[in-house]
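Asker: how would this look folded up:
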Amino acid sequence: MRVIFHYGCSHLRLLVLGGAFFCASAAQAQVAPDAGQLQRQIDQNLQRPVVAPSPAAPAPISGADHRGPKVVIRRVDIVGAKLIPVTELASQLDPYLNRPLTLSEVQTAAQQLVGYYRERGWFVRVQLPTQDVSDGTLRINIVEGRFGRLQVAPGTGRVRRDFVSTLAGRDLNADEPYSLSQLERGLLLANDLPGVRAEGTLRPGQAPGTSDLALQISDTPLFAGLVGANNFGNRFTGRGQGFGTVRLDNPSGFGDQLQISGILSERLDYESVSYSAPVGYDGLRASVGYGQLHYQLGKEFADLDARGQSRTLYASLSYPLLRSTERNITVALDVSHARLEDEAFDVTLRRRDIQLATLELRGDARDGWGGGGVTAARLSLEGGRAALRIAADRDQDAQSAGVEGGFAALGVELRRDQVLAPALYLRGRFASQLAFNNLASSQQFSLGGPYGVRGYPVNEGSGDSGALMQLELHSLLPMLGIANLDGYAFFDAGVTRQHQTPWRGWDTAGSGRNTYPLYASGVGLAWTHARGFAINGIFAVPLGNNPGGTRSDQDQDGGSTGPRVWLTASQSF
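Answerer: This is a model prediction of the structure:
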């Protein structure tokens with residue numbers, strides 16, 4: 001559950017203040033950010049998706065030795081197969097029938113069955129018994145792998161070995177066939193637990209044809225975290241900001257985690273605390289948390305004493321439908337209750353409660369296409385209800401956007417890293433949101449900022465619905481020592497529909513345009529050190545005009561239009 005509490009005088013005065021302060025046309029005056037927009041900006045900074053490094057292309061399999069005496073195989077007799085039909089296995093060897101084969105080629109043919117089993121996730125051994133093949137019949141014995149037992153090495157520390165071993169071996173049953181997917185899922189789920197490292201080794205079992213799993217379980221550091229600084233802030237609350245996260249991994253021994261995060265700028269502070277823990281032995285995880293934000297606007301709005309706050313309670317459940325090294329699919333349910341509040345001249349202009357539920361399906365997959373790559377996707381459906389607690393705000397909303405009441409939106413995100421050469425790869429990202437009605441500011445889609453169209457400030461080009469496309473060409477540059485240097489060029493394009501359902505009189509600027517397109521291009525350089533220090537710099541140039549700028553030489557926030565530099569530095573520990 002995710003709850004956001006936001007606390008933004010006579011009825012007429014509230015209407016005047018609220019209209020002038022928040023609803024000024026983008027083409028006429030700077031638009032003040034409210035607590036919903038600032039909270040959305042914080043969420044984007046703290047929840048950036050991580051793209052896994054692209055896999056290397058698989059090595060080719062060497063061919064068989066074509067020298068030596070040859071035999072002609074006309075029929076194959078397969079014995080011992082239970083998991084896959086014999087006729088299906090025999091058909092895999094049709095290319096080897098009725099032609100001369102050396103002993104090496106016969107062995108290669110038999111190994112085709114091993115590969116066929118493994119493609120379906122099963123462990124198997126293939127045996128060629130001593131035999132006379134003069135009649136053209138080849139006998140192949142199949143020994144399908146069966147699981148023996150789970151052996152856990154003794155040790156000390158805070159980790160509960162009984163819990164981790166039960167999780168790792170949940171799908172493995174003694175003296176029954178076991179698959180690579182069963183073995184892999186258990187080990188990966190064990191290693192997904194914060195503060196836990198689980199290493200498994202297959203060993204010959206006591207019974208013929210069985211394998212035992214030897215499990216070595218150990219602790220990773222109890223404390224971990226990240227501190228850093230960037231210039232990703234809002235112009236009115238301070239562009240420069242410091243941030244930090246401290247984690248307590250596995251304090252109970254059952255794979256739980258306590259996390260505290262914060263962001264601080266000149267006129268904004270944000271703090272959050274969350275706790276998560278596994279539920280059962282199959283990867284289900286629950287989390288709860290609380291966050292709060294306080295802000296005060298500066299620059300052109302300093303004389304208004306404009307300030308506000310948000311408070312957030314949330315809870316979530318996530319479950320890995322598929323967990324493997326090659327493919328992953330996770331389903332998650334997040335619920336939240338939000339309160340957002342804004343005020344000016346000590347008058348509360350807005351106090352909005354927002355209840356929200358989000359159902360999300362996300363996944364990623366590695367492949368060997370071209371030079372290899374990684375594809376990630378996310379599909380989300382969110383719905384909720386907004387309640388406006390200030391009468392003047394409610395009256396103004398009823399005559400304009402009408403965000404009070406129920407709302408819903410559909411979100412889609414696709415990412416792809418494609419290897420082009422050993423030190424060259426292409427990264428593409430597409431993100432979109434389709435709203436079914438007008439949304440409160442905290443739920444809108446925004447184009448600007450370091451994670452969007454990078455030639456524009458944060459929160460630029462917000463709207464109920466929108467789409468964003470990013471293309472990056474990366475080159476891994478030569479670097480001495482234990483550091484990596486990644487240079488890239490990029491192009492960003494995005495568009496928003498400012499109001500899903502326009503109302504009479506919405507276009508105070510008289511432009512007649514409800515769409516807001518932005519474009520930018522530039523270059524970036526990311527340096528990372530093996531000891532956890534990282535620096536990332538971006539130089540971005542806006543392309544074309546900003547349709548929402550206050551003037552031709554200004555962006556919507558009143559800052560100067562032109563090239564923009566984004567910088568961030570962090571140290572993990």
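Asker: please make it C-alpha for all contacts and neighbour counts, starting now.
Answerer: Will do.
Asker: quick check, residue 184 in a helix?
Answerer: Yes: counting by DSSP: H, G, I helix; E, B strand; the rest coil, one finds residue 184 located in a helix.
Asker: nearest residue to it in space, please, no chain neighbours.
Answerer: Distances taken as Cα to Cα, 6 or more residues apart in numbering put residue 324 closest to residue 184, at 6.1 Å, once the chain neighbours are dropped.
Asker: and that neighbour, what is it in contact with?
Answerer: 181, 184, 185, 188 (Cα atoms under 8 Å, 6 or more residues apart in numbering).
Asker: tell me how far it lies from residue 283.
Answerer: To residue 283, residue 324 is 13 Å away according to Cα to Cα, to the nearest Å.
Asker: just the buried positions in stretch 299-314, please.
Answerer: Within stretch 299-314, the residues that count as buried by 16 or more other Cα atoms under 10 Å are 301, 304, 306, 307, 308, 309, 310, 311, 312, 313, 314.
Asker: which residues touch residue 71?
Answerer: Residue 71 neighbours (Cα under 8 Å, 6+ apart): 99, 100, 101, 102, 103, 133, 134, 136.
Asker: in which helix or strand would I find it?
Answerer: Residue 71 belongs to strand 70-72 when assigned by DSSP states H and E.
Asker: helix, strand, or coil at residue 118?
Answerer: helix.
Asker: no no, residue 41
Answerer: Strictly by three-state DSSP, residue 41 counts as helix.
Asker: so it touches residue 457, yeah?
Answerer: No: here residue 41 lies out of contact with residue 457, judged by Cα atoms under 8 Å, at a distance of 11.1 Å.
Asker: neighbour count winner among those two?
Answerer: Per other Cα atoms under 10 Å, whichever of residue 41 and residue 457 has more neighbours is residue 457, with 26 against 19.
Asker: and that one, how close does it get to residue 489?
Answerer: 19 Å.
Asker: buried set for the lengthiest strand in the chain?
Answerer: In the chain, assigned by DSSP state E, the strand with the most residues is strand 347-367. Neighbour counts over strand 347-367 (16+ other Cα under 10 Å) mark 347-367 as buried.
Asker: now stretch 384-404
Answerer: 384-390, 392-394, 396, 400-404.
Asker: in those residues, find the pair that's most separated.
Answerer: 384 and 392 (22.3 Å; Cα to Cα).
Asker: ok, residue 558 touching residue 546?
Answerer: No: with contacts counted by Cα under 8 Å, residue 558 stays clear of residue 546, the gap being 11.7 Å.
Asker: quick one: which of the two has more around it?
Answerer: Set residue 558 next to residue 546 and count neighbours by other Cα under 10 Å: residue 546 wins out with 23 against 20.
Asker: which residues touch that one?
Answerer: 517, 518, 552, 555.
Asker: how far away is the first one from residue 102?
Answerer: It stands for residue 517. From residue 517 to residue 102 the distance is 66 Å (Cα to Cα).
Asker: between the two, tell me which one has more neighbours.
Answerer: Per other Cα under 10 Å, whichever of residue 517 and residue 102 has more neighbours is residue 517, with 20 against 17.
Asker: are we agreed that that one is in a strand?
Answerer: Yes: assigned with three-state DSSP, residue 517 falls within a strand.
Asker: ok, now which ones touch it?
Answerer: Residues near residue 517 by Cα under 8 Å, 6+ apart: 461, 493, 494, 495, 496, 546, 547.
Asker: now with 6 Å, please.
Answerer: Going by Cα atoms under 6 Å, 6 or more residues apart in numbering, residue 517 touches 494, 495.
Asker: ditto for residue 197
Answerer: Per Cα under 6 Å, 6+ apart, neighbours of residue 197: 191, 217, 218.
Asker: check which helix or strand covers the second one.
Answerer: Secondary structure from DSSP H and E places residue 217 in strand 210-219.
Asker: just the buried residues of that strand, please?
Answerer: Buried residues in strand 210-219 (16+ other Cα under 10 Å): 210, 211, 212, 213, 214, 215, 216, 217, 218, 219.
Asker: and the residues you listed, which is closest to residue 266?
Answerer: Closest to residue 266, out of all of the buried residues of strand 210-219 and judged by Cα to Cα, is residue 219, at 39.1 Å.
Asker: parallel or antiparallel, which strands does the very next helix or strand once past the longest strand of the chain pair with?
Answerer: Counting by DSSP H and E, the next helix or strand C-terminal to strand 347-367 is strand 373-388. Here strand 373-388 is paired, per DSSP bridges, with strand 347-367 (antiparallel), strand 405-421 (antiparallel).
Asker: ok, which stretches of the stretch 101-250 of the chain are helices?
Answerer: Assigned by DSSP state H, counting those that start in this stretch, the helices in the stretch 101-250 of the chain fall at 103-119, 161-168, 180-192.
Asker: coming back round to it: among the contacts of residue 71, the buried ones, what's the PyMOL command?
Answerer: A single PyMOL command suffices to select whichever of the contacts of residue 71 are buried according to 16+ other Cα under 10 Å:
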select buried, resi 101+102+103
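Asker: now the contacts of residue 71 as a markdown table including pLDDT and distance to residue 377?
Answerer: Below are those laid out as a markdown table (pLDDT from 0 to 100; distance: Cα to Cα, whole Å):
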| residue | pLDDT | distance to residue 377 |
| --- | --- | --- |
| 99 | 90 | 47 |
| 100 | 90 | 49 |
| 101 | 88 | 47 |
| 102 | 88 | 48 |
| 103 | 86 | 47 |
| 133 | 86 | 53 |
| 134 | 84 | 56 |
| 136 | 89 | 52 |
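Asker: show me which of the contacts of residue 71 is closest to residue 111.
Answerer: residue 103 (12.5 Å).
Asker: number of nearby residues for the closest residue to the closest one other than its chain neighbours?
Answerer: In space, residue 103 comes closest to residue 70 once its chain neighbours are excluded; the distance is 6.9 Å by Cα to Cα, 6+ apart. Neighbours of residue 70 under the rule other Cα under 10 Å: 15.
Asker: report pLDDT for residue 70.
Answerer: pLDDT recorded at residue 70 is 82.
Asker: what does residue 63 give?
Answerer: 43.
Asker: what's the angle from the helix or strand residue 328 falls within to strand 347-367?
Answerer: Per DSSP H and E, residue 328 falls inside strand 327-344. Using axes from the mean of the first three to the mean of the last three Cα atoms, to 10 degrees, the inter-axis angle of strand 327-344 relative to strand 347-367 is 170 degrees.
Asker: who are the packing partners of strand 327-344?
Answerer: When contacts are defined as 3 or more Cα pairs under 6 Å, 6 or more residues apart in numbering; DSSP states H and E, strand 327-344 sits against strand 2-7, strand 307-323, strand 347-367.
Asker: partner strands of the second one and their direction?
Answerer: By that I understand strand 307-323. Assessed with DSSP bridges, strand 307-323 is paired to strand 2-7 (antiparallel), strand 327-344 (antiparallel).
Asker: tell me which helix or strand in the chain has the weakest average pLDDT.
Answerer: Least confident helix or strand, the chain: strand 2-7 with a mean of 33, by mean pLDDT, DSSP states H and E.
Asker: got the domain ranges for this protein?
Answerer: Domain segmentation of the chain under automatic domain parsing yields 72-144, 148-219, 445-573.
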